[in-house]
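Participant: next input, structure requested:
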Amino acid sequence: MDNLSTAFRDPKMASLISEKLSKYKEGKINIMEVCGTHTMSISRYGIRSLLPEGINLISGPGCPVCVTPLYYINSAIELSEAEDVIITTFGDLMKVPGTSSSLLKEKAKGKDIRIVYSPLDSLKIALENKSKRVVFLSVGFETTTPVAALTVLKASEEGIGNFSVLSANKTIPNALKILALDEDVKVHGYLYPGHVSAITGTKLYHELALQYGIPGVVAGFEPLDILHGILTLTEMINDNKKAVVNEYKRAVNEEGNPEALKVTDRVFSACDSVWRGIGNIPLSGLVIRDEFQAFDAWKVYDLKPCITEETPGCKCGEILKGRLKPTDCKLYGKKCTPENPVGACMVSSEGTCAAYYRYQGV
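Facilitator: Coordinates of the predicted model:
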């Protein structure tokens, strides 16, 4: 472990912050960690055990794989059935259950489905397989969308016509607005993700603080980052401060990454989007602009989204909204496990159920 990691995992400093938090006795407050990476770190480092009973951490919809709708998985599987199509995807999408199968199961049947580490890897595969058509499954938030956009631009500039993108990219802010109005959740403060904020900057969070009266803190993913963010947020809630504080200045600034935002806007435009377990959220998704429709797999293959119901008994939707914890779901740890996931929250390592299962036991 390097010196920087050690510094942000100092047990003595963690104890000092925990001691300060233990003095909070003003009643129950709900802090939502928006990002799945925060959820994973919170479970991994046992951060809930360092908090007083009055501070309740609830997990939000910040795992892109978890909120990818069922019809998207079904459409990807449908594409994989064509003999001349190669599907490329990030690994965490492989086990997400569709209506009757998953990409992993289809690959086991012999479908040409390949795991890549970057959308740009898909272009190389397309160039090496000119008799095939390559479709990249683009799922993610603001952090990964710029690279997908850059890949489309590169394919356009180099005339790589056997490549397209099946986009399910989403943006965080409008989902948080929906949750801010949800009386069943009653979010008192948001712990904002560091990596998304490195792209977007912190400006977009100020509207949430002012319009909805919900303060926020941008935090990194090391234990002390998270604990200090929770302490700052608790103090802000206690003092009724409707503001946003950036506690991750080593990676995040007010403006974000202008070049990344520019390339995203060049290729994508905002659209309404279905979030698995939550429903349709206006202007929370991204669609490839008409200028680049030759690289939009939805249009190239004339795919029609078909909304389908979730597995009976699965509580992923309520968990993604922060209304329930994984342990409130009767399928959790029984019928639904990381080896045999029923709901999307159990698939990705950033999924709330997967984080609970791995680090807190069944």
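
Participant: state which helix of this protein is the longest.
Facilitator: helix 223-238 (DSSP state H).

Participant: helices or strands up against the following helix or strand past that one?
Facilitator: Counting by DSSP states H and E, the next helix or strand C-terminal to helix 223-238 is strand 244-246. If you count contacts as 3 or more C-beta pairs under 8 Å, 6 or more residues apart in numbering; DSSP states H and E, strand 244-246 packs onto helix 203-212, strand 216-219, helix 223-238. Quick note: C-beta positions are derived from backbone N, CA and C, even for glycine.

Participant: using the three-state scheme, assign the residue located most distally from the centre of the chain.
Facilitator: Most distant residue from the mean C-alpha position of the chain: residue 131, 34.2 Å away (C-alpha atoms, centre = their mean). What DSSP: H, G, I helix; E, B strand; the rest coil gives for residue 131 is coil.

Participant: could you do residue 274 as well?
Facilitator: Residue 274 - assigned by three-state DSSP - is strand.

Participant: for the chain, which spans come out with low pLDDT?
Facilitator: 1-5, 307-309, 361-362 (pLDDT under 70).

Participant: distance of residue 134 relative to residue 300?
Facilitator: 11 Å (C-beta to C-beta, to the nearest Å).

Participant: could you list the residues in contact with stretch 142-150?
Facilitator: Here stretch 142-150 makes contact (C-beta atoms under 8 Å, 6 or more residues apart in numbering) with 64, 118-120, 136, 138, 140, 165, 167, 169, 171-172, 195-196, 198-200, 257, 260-261, 263-264, 266-268, 286.

Participant: so which of these are in strands?
Facilitator: Among the contacts of stretch 142-150, the members found in strands (DSSP state E) are 136, 138, 165, 167, 268, 286.

Participant: contacting residues for the second one?
Facilitator: Residues touching residue 138, when contacts are defined by C-beta under 8 Å, 6+ apart, comprise 119, 144, 145, 148, 165, 166, 167, 168, 169.

Participant: dump the residues you listed into a markdown table; add distance to residue 346 and neighbour count as well.
Facilitator: Putting the contacts of residue 138 into a markdown table (distance: C-beta to C-beta, whole Å; neighbours: other C-beta atoms under 10 Å) gives the following:
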| residue | distance to residue 346 | neighbour count |
| --- | --- | --- |
| 119 | 26 | 26 |
| 144 | 21 | 19 |
| 145 | 25 | 26 |
| 148 | 25 | 26 |
| 165 | 26 | 28 |
| 166 | 23 | 22 |
| 167 | 24 | 28 |
| 168 | 19 | 27 |
| 169 | 22 | 24 |
